[in-house]
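Structure for this input, please:
(one chain, ligands or ions: 3)
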Amino acid sequence: MQRQNWQNWRHVFKLDPDRILTDEALEAVCLSGSDAIMVGGSSGVTYDNTVDLLSRIRQYELPCVLEVSALEAVVPGFDLYLIPMVLNTGQSDWLIGQHARAVERFGYMIPWDMLVPEGYIVLNPDSTVARITSADTRLEAAQAAAYAEVADKLLRLPIVYVEYSGTFGDLELVADVRRSLGEARLFYGGGIADAESARRAAAVSDTIVVGNAVYTDLDRALETVKAVQERRMINEEV
Ligand SMILES: CC(C)=CCC/C(C)=C/CC/C(C)=C/CC/C(C)=C/CC/C(C)=C/CC/C(C)=C/CC/C(C)=C/COP(=O)(O)OP(=O)(O)O
Ligand SMILES: O=P(O)(O)OC[C@@H](O)CO
Ligand SMILES: [Mg+2]
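Ligands and ions are numbered 1, 2, ... in the order given. Predicted coordinates:
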């Protein structure tokens, strides 16, 4: 069980149970040297397609965590469960309402030490996640940093996730968010498609998340792992 290690992750691939990935592609992803696989998506995620993807990933040794986006698709057998809470949503359901219903439903079955909450700041207005959660994506850097500070210092969430799903984000904003954090780790996701974008995003965050590129240009997606590892080696030498 690898559940304690998430704080050291520098690179994660996010795989969507609702999208098709060949066995060869999955093998390349799982043997790439990435720190973990996160299973998740904001739509079309079901119990069956999540079980299917988990069982395929389990042929490999790397940690596999579920980012819960739908109550009916919570599947046992993952190493950890990441629980998104959208900080800049217009509807409290996506901040805490669905969570309360999950607790009503799963009750005493919840292994709390396997759950890690993530404070999401959703910033691409054209993403499915922004539409579903009615996120206020027009935040200035100072506003995003303030949300992050609340998450870190007041709510004490261990992860702040700057989510630009589908597009490469404003890295100056991301850097401002990072400066506002104390204990929380900063996850960045959105539009990382090659070594260069991975390097740039990794310079202003703790963990980078690569999703779409796996499905659109796998070879370049795989280069993102090496880019982050090179950076890690340089940091360890300094
Ligand atoms: C025994 C055992 C294992 C029991 C299970 C214990 C457990 C884990 C219980 C659940 C506890 C709990 C509190 C659950 C929360 C339930 C829930 C549904 C919360 C809401 C989460 C939320 C805010 C979802 C909104 C969407 C979101 C933020 C999804 C994250 C993934 C994401 C952003 C994907 C990218 O999406 P998109 O922009 O759409 O990109 P694609 O179009 O490419 O997909
Ligand atoms: O799909 P991309 O744009 O790589 O984004 C990754 C991840 O942050 C999505 O939740
Ligand atoms: Mg999806």
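
what does the protein put close to ligand 3?
Where the chain comes near ligand 3, counting by C-beta under 5 Å from the ion, the residues are 16, 41. C-beta coordinates here come from the backbone N, C-alpha and C atoms, glycine included.

what ranges do the strands span in the chain?
Applying DSSP state E to the chain gives strands spanning 11-15, 36-39, 64-67, 80-86, 115-122, 159-163, 185-189, 207-210.

Minimum distance to ligand 1: which of these has it?
strand 80-86 (3.7 Å; C-beta to the nearest ligand atom).

got a list of contacts for the closest one?
Residues outside strand 80-86 that contact it (C-beta atoms under 8 Å, 6 or more residues apart in numbering) are 3, 6, 38, 40, 63, 65-69, 74, 94-96, 99, 114-120, 122, 129, 133, 135, 157, 159, 161.

before we move on, what about stretch 49-65?
Residues outside stretch 49-65 that contact it (C-beta under 8 Å, 6+ apart) are 2-3, 5-6, 15, 17-18, 23, 26-27, 30-31, 34-39, 66, 73, 75, 77-82.

just stretch 199-210 next, same as before
9-14, 35, 38, 161-162, 168-169, 171, 174-175, 178, 185-189, 192, 198, 221, 224, 227-228, 230-231.

List buried members of the residues you listed by neighbour count.
Buried members of these, scored by 16 or more other C-beta atoms under 10 Å, are 9-14, 35, 38, 161-162, 169, 171, 174-175, 178, 185-189, 192, 198, 221, 224, 227-228, 231.

thinking residue 94 is in contact with residue 130, fair?
No - the criterion here is C-beta atoms under 8 Å, and residue 94 misses it with residue 130 at 10.7 Å.

Show me the beta-bridge partners of the residue most central in space within the chain.
Note on the chain: the residue nearest the mean C-alpha position is residue 209, at 5.7 Å, using C-alpha atoms, centre = their mean. Beta bridges link residue 209 to residue 12, residue 189, judged by DSSP bridges.
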